[in-house]
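K.L.:
Sequence and computational prediction follow.
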Amino acid sequence: MDGRNQYQYVSEIRTVIVRLIKKLRKESVTGQHLSLTERSTIALLFQYKELLPSELASMEKITNQSMSQILNHLLELGYIIRTASKTDKRKVIISLTKAGENVLVQVRNERDEWLIKAIEHTCSQEEQELLKKVIIPLTKIVDFE
């Protein structure tokens with residue numbers, strides 16, 4: 001067996017994961033008014049509580065200027081607040097408002113509800129158990145540098 005056929009499953013995994021991600025993005029009515037980077041920025045702020053704009057830009061792998069535009073939009077929506085740093089007044093700390101936290105939780109709940117429904121309607125009990133087992137190797141792949 002040549003290398004291409006042996007690793008055909010790799011392409012199939014990539015394809016199905018990409019399709020699932022696209023499907024999940026569509027399954028949140030709440031999240032559709034936000035770009036992928038805006039949703040990701042909200043999730044980072046939820047995780048880390050407070051970050052500098054430059055830290056967010058670095059984590060998102062975008063320019064500071066692009067992050068500034070994203071933060072301006074999130075500020076207009078009322079999802080973030082900017083606070084002057086206590087140690088360096090030239091720096092601004094970004095954090096989520098309660099509305100920002102609520103929108104993130106709502107998006108996640110909408111996606112989880114759809115995924116639960118999809119799994120229950122399409123997978124046997126044995127397949128559901130298999131899905132639980134595949135979480136560990138998928139997490140290892142995601143964490144690989």
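P.N.:
Sure thing, it's come through. Residues are numbered from 1 along each chain as shown.

K.L.:
in whichever strand or helix holds Glu120, what counts as buried?
P.N.:
According to DSSP states H and E, Glu120 maps onto helix 98-122. Residues of helix 98-122 classed as buried: 100, 103-104, 107-108, 110-111 (neighbour count, 16 or more other CB atoms under 10 Å). C-beta here means a position set from N, CA and C on the backbone, and glycine is covered the same way.

K.L.:
Tell me the gap between that helix and the middle of its chain.
P.N.:
12 Å (CA atoms, centre = their mean, to the nearest Å).

K.L.:
average pLDDT for whichever helix or strand comes after it?
P.N.:
Sequence order places helix 125-143 as the next helix or strand after helix 98-122, per DSSP H and E. Helix 125-143 comes out with an average pLDDT of 96.

K.L.:
and if you look at stretch 46-56?
P.N.:
pLDDT averaged over stretch 46-56 gives 97.

K.L.:
May I have the distance across that stretch, first residue to last?
P.N.:
End-to-end distance of stretch 46-56 (CA to CA, to the nearest Å): 12 Å.

K.L.:
ok, for the residue positioned nearest the centre of the chain, nearest residue in space, not its chain neighbours?
P.N.:
Centroid-nearest residue in the chain: Ser40, 4.6 Å away (criterion: CA atoms, centre = their mean). In space, and not counting its chain neighbours, Ser40 is closest to Glu60: 6.2 Å by CB to CB, 6 or more residues apart in numbering.

K.L.:
For the one you found, give me the pLDDT.
P.N.:
pLDDT, read off for Glu60, is 96.

K.L.:
I figured it was touching Thr37, is that so?
P.N.:
Yes: under the criterion of CB atoms under 8 Å, Glu60 makes contact with Thr37 at 5.7 Å.
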